[in-house]
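Undergrad: Requesting a structural model of the entry that follows:
(2 chains)
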Amino acid sequence: MEQFDAVVLGAGHNGLTAAAYLARAGLKVMVLERRHLIGGAAVSEELFPGFTYSTCSYVCSLLRPEIMRELDLPRHGLQVVPYEGSLNVLTNGEYLASYNNHDRQMREIRRFSKRDAEAYDRFALAIQRQCRLIKPMLLMTPPDPTSLKPRDLRGLAKMAGIFGELGEEQLYETMRFWTMSCGDFLDEHFETDVVKGHMAGSSIIGTALGPYSPGSAYVLLHHYMGEVDGSIGAWGYARGGMGAISKALASAAQAHGCQIRTNAEVAHVIVKEGRAVGVALKSGEEFYGRAIVSNLDFRRSINGLEWTEPLDPALKKKAADFKIRGSSGKLNIALDGLPNFVGIDRARNPALCGDIHYSPSLDYLERAYDDWKYGHWSRKPYLDILIPSLIDPTMAPEGKHYMSVFVQYVPPTLHDGPWTPAKRDAFGETVIDLIEQMAPGFRNLILHKQVRSPWDIENEVGLTEGNIFQGELTLDQLMFNRPIPGMAQYRGPRPGFYLCGSSTHPGGGVMGAPGHNAAREILLDFKARKLA
Amino acid sequence: MSPAMTPARSRYDAVMIGGGHNGLVAAAMLGKAGKSVLLLEGSDAIGGMAASREFHPGFRTAIPHLLYQLHPAVSRALRLHRHGLRLAAADLPTIAFRQEGGTLALGDSRGAGDAGADLLAFRQRLARFARALAPALARTPPRLRTRDLESLATLGRLALGVRWLGREEMRELLRVIGMNVADLVEENFADPTIKAAIALDAVIGNAMGPRSPNTVYTLLYRLAGKTGHRAGAIALPKGSMAAVAEAMAAAARAAGVEILTGTSAARILVKDGRSAGVVLPDGGEIASDLVLSSADPRRTFLEILGPAALDTNFVRRARSWRDRGTTGKLHLALNGLPAALAGAPARYLLPGTLATLERAFDSLKYGDLPERPPIEIAIPSLADPSAAPAGKHLLSAIVQYVPYRLAEGDWSNRRTGFVETLLGTLEAHIPGLRAQILAQEFLTPADIERMTGASGGHWHHGEIALDQVWMLRPQPGMARYATPVPGLYLCGAGAHPGGGITGLAGYNAARQAIADGRTKERSRP
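TA: Numbers count the residues shown, from 1 in each chain, chains lettered A, B, ... in the order given. The predicted structure follows:
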């Protein structure tokens, strides 16, 4: 038995971020990870000789620059390379590319519609306004609107201040944006299917919403607020795969004396006199901490862990009702060479070094969503493909390539029962067939593939239902409602117990903000001698 | 044909375009405030959607058939009771046909029938939430970022109403208000029929499925009214919904309003950038500094007013306003009532299950017809003998998820097949129904558009969605009834708080126009 200031459950990127901040403040911190490797869903693994897979998450855009700076992550080996564009490849030989170069972007959209090219700036401005608005809120602890404590009132005043910088008209626009569907938003700006399909992809990634579900415009924003080198909406690669982010965070934490233990699965939370004081591993080993910090998702933290003093059944019901829905799958593929996408000049199109979508129209995406609703993987799915080895040669042997294929929508259980290896294969074939249409000859390049359903993600990484955001990003689960009203300040159901995962504000993505914010709250409680 | 009528004067204090129920309420309010008012209604009967029609000799009906949202402030202000409004049934119970056969009694506003205490507690909780929102529905939406006292008062009352719920309930309201109804009923119930019945009430009239976020708001909106002083009660007016419109018209006439049917406003006159009156179809002009339109936003702005008077951003928004109707109406003249419907007057639902509802919504999304259409049935003749000849009955059914425009074919060649689906579905739950049918009619949203002039045939003049209500209805920055053209006001269901027979849009708009007029007087040198 050993006494720590803080014991962090789970070495996902948020757990590591929280641990690094706590250790940096001089606390004695222990991180316990169930698996043999750290990183949670931000991991790099060599599953086929010579190839590095980013087995789960695949893009680095949301990681807050403040965290990057404060934890000095570049010094700990993190290097992020921005995308140069993106592509929406259709199967009829047509494609739409996005470029970081504004003029080139305009020319590209104009190939499809002059009106849409004119609308693009208006669209981008509307999105950027919303991004600018939300950004100061990301690293803020959501105030409790039902509380009259000075701190919550100050928080509400700060939020009011953020909104207050908008004019009256912009306030209404913001209300509208936060409640409308991505489909309606895009229909209002653009006329061409492929343009709308291209823009809509980010509104559905990871969520159990269709592009025409109200509230999906916000999810669009959630993916646009990323920053790489200060450029808004930019996406980037982490050199060495997503595991490089976890490694850098762990290295930063360890540099401040934090200990990390793998193969350490927590069985229960030790509660004494109403306070969470420690945890016991499956092996029986016990770790005591003045603060117990859970990186697990909300449902697992409450209902998945055993508590030596049982929790209120009403709370357990709320945790069971927390909407955490798996809707995404992933393929990791080792390729013998670069696939030949129809109509794309492999040598010259920089957009190939970004994400390659299959997203022909809003209707296509909506139908893909309908399949999910009834417990089937999308027969015609949305794909977000990356070939990291084009930018980072360490990901695959020379001349060969690693391809990451993110697939939306895939249900956590199927209408005819749970996932089986046969169904997983059939799902993988659906995706490969589609890529074969985008890039004839693709199938013959495959050296190895890993197919992952939400069930696999849940079982391996521990994300409930394989939900990549640890909980749906809908209005009922955002800001002061995340994960549930009254628990949005990172403090859990018992004094001494904290939540630091993506189930808390501001939500999922490899952002680090929940871990950062939770650490701040814990340090405040230490300062107030609540954890002495 | 009604006799040709012409307005008595060439100038009025106010001209009202459209004699739907909101137009009548607004006209009556203006008349009561001492203004000379001319109301123009294009069709031969007043009431708009609530106008009464004889679809088969002796069988009278209107498009909406049940009254649940009429706001007490409106009934009081217009003294509708004194002007002849009577309820044939004040609190109808609801009975749901189960998908697998049999029925489930869901009770009325005070009880939960066979469904149990959980349903009653659930309804009471939602009613409390609705009550917190209700006062703000009967007022002009507040302006944000302003020192305008009235706006601050409205916001304050709203905040107080929400706070008054208590901490736990306030939290719950803030959580559920953006949720989808499927999740909410899944959290609370196990019975598939209860779940679907609640979900149907949340989606009816809108292009939303049970899984569409913000369907809890539509449910709360529905519960925010009070008919016969009972929240959540479903009433059947005596003499169909037309009787409600007639009582409103009587109140308007008593207040001196001149009502002209069979005459529409062809155009709104704009002079020096402000509205100056209307042009009649024969070219005659009626001068008036104040013009109110109870027509829907699309028709008001893009057809009657015309885009020339508006800026491009406003026109773009008006074009993307979502007002495609999703609801059809089936009327059956019956020789007698099959046993399944012959009990005490009730509202019957064929809600199916959450999954069949969602699938029916999916069909709608792609312009296809649902295989299992959700249906709400009323038999007005059981409580109100004026609805059908003696001994005979009228079945009035709202059919949800009927596309305005079909992706394949059109209504001329698919109507018969769909009516067959409807009758087959009904017959399966109500054996012997078909044998009793004397006459039938089915109205698609396109028919309703043709009959009432409401764009898209949308019952609420536009979706009741969070991005189209309150300060955003019908457009951000134009939610206080005054339009960008000074002197022109919008007072129909396309304005706050939205559709349903509430009377609130008309009531609020008239009060706002009167208040704006006073401000203008005061500021005059």
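
Undergrad: which residue packs closest to whichever residue of the stretch 51-200 of chain B sits closest to chain A, ignoring adjacent ones?
TA: Of all residues in the stretch 51-200 of chain B, the one sitting closest to chain A is B:G178 (2.9 Å; CB to the nearest CB). Any C-beta I mention is one placed from the backbone N, CA and C, and that applies to glycine too. What sits nearest to B:G178 in space, not counting adjacent residues and going by CB to CB, 6 or more residues apart in numbering or on different chains, is A:L475, at 2.9 Å.

Undergrad: Pretty sure that neighbour sits against A:W178.
TA: Yes - A contact is recorded between A:L475 and A:W178 when judged using CB atoms under 8 Å, the distance being 7.3 Å.

Undergrad: Common neighbours of the two, please.
TA: Listed as contacting both A:L475 and A:W178 by CB atoms under 8 Å, 6 or more residues apart in numbering or on different chains are A:G215, A:Y218.

Undergrad: Quick one: distance of the lengthiest helix in chain A to the chain centre.
TA: Taking DSSP state H as the assignment, the helix of chain A that covers the most residues is helix A:114-138. Offset of helix A:114-138 from its chain centre (CA atoms, centre = their mean, to the nearest Å): 21 Å.

Undergrad: same question, stretch B:474-488
TA: Between the mean C-alpha location of stretch B:474-488 and the chain-wide mean there is a distance of 21 Å, by CA atoms, centre = their mean.

Undergrad: end-to-end on it?
TA: Stretch B:474-488 has its terminal residues 14 Å apart, counting by CA to CA, to the nearest Å.

Undergrad: Give the buried residues for it.
TA: Residues of stretch B:474-488 classed as buried: B:474-483, B:485-488 (neighbour count, 16 or more other CB atoms under 10 Å in any protein chain shown).

Undergrad: Of those, which are in range of chain A?
TA: Here is what survives when those are matched to chain A using CB under 8 Å from any CB of the partner chain: B:P476, B:G477, B:A479.

Undergrad: I'd like these laid out as JSON lines, including distance to A:R111.
TA: JSON lines is the format used below for those (distance: CB to CB, whole Å):
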{"residue": "B:P476", "distance to A:R111": "33"}
{"residue": "B:G477", "distance to A:R111": "35"}
{"residue": "B:A479", "distance to A:R111": "39"}
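
Undergrad: returning to that earlier point: can I take it that the residue of the stretch 51-200 of chain B closest to chain A is in a strand?
TA: No - using DSSP: H, G, I helix; E, B strand; the rest coil, the assignment for B:G178 is coil, not a strand.

Undergrad: confidence score at it?
TA: According to the per-residue confidence, B:G178 scores 87 in pLDDT.

Undergrad: my read: it touches A:T474, true?
TA: Yes - counting by CB under 8 Å, a contact exists between B:G178 and A:T474, whose distance comes to 6.6 Å.

Undergrad: In contact with the residue nearest to B:G178, which residues?
TA: For A:L475, the contact set (CB under 8 Å, 6+ apart) comprises A:W178, A:T179, A:G215, A:Y218, A:N481, B:I177, B:G178, B:M179, B:P213, B:N214.

Undergrad: got the residues of the stretch 51-200 of chain B near chain A?
TA: B:143-146, B:163, B:167, B:170-172, B:174-179, B:183, B:187.

Undergrad: actually the stretch 201-350 of chain B, not the one I wrote
TA: B:M208, B:R211, B:S212, B:P213, B:N214, B:R316, B:R317, B:S320, B:R322.

Undergrad: Test my guess that A:A41 contacts A:C56.
TA: Yes - with contact defined as CB under 8 Å, A:A41 reaches A:C56; the gap is 3.9 Å.

Undergrad: shared neighbours of those two, anything?
TA: For the pair A:A41 and A:C56, residues contacting each of them under the criterion CB under 8 Å, 6+ apart are A:I457, A:V461, A:I468.

Undergrad: among the residues you listed, who's most crowded?
TA: The member of those surrounded by the most neighbours (other CB atoms under 10 Å in any protein chain shown) is A:I457, with 25 neighbours in all.

Undergrad: How much space separates the closest residue to it other than its chain neighbours from A:E460?
TA: Taking CB to CB, 6+ apart as the measure, A:I457 lies nearest to A:G466, with 3.6 Å between them; neighbours along the chain are not counted. Going from A:G466 to A:E460 by CB to CB, to the nearest Å gives 9 Å.

Undergrad: Let me see the contact set for residue 274.
TA: If you meant another chain, say so; for now it's chain A. Contacts were defined as CB under 8 Å, 6+ apart; by that measure A:G274 touches A:E309, A:R494, A:P495.

Undergrad: think we crossed wires, I meant chain B
TA: Applying CB under 8 Å, 6+ apart to B:R274 gives the contacts B:D289, B:V485, B:P486, B:G487, B:L488.

Undergrad: Now it: phi and psi?
TA: Its backbone dihedrals place B:R274 at phi -130, psi 160, with angles given as degrees, to the nearest 10.
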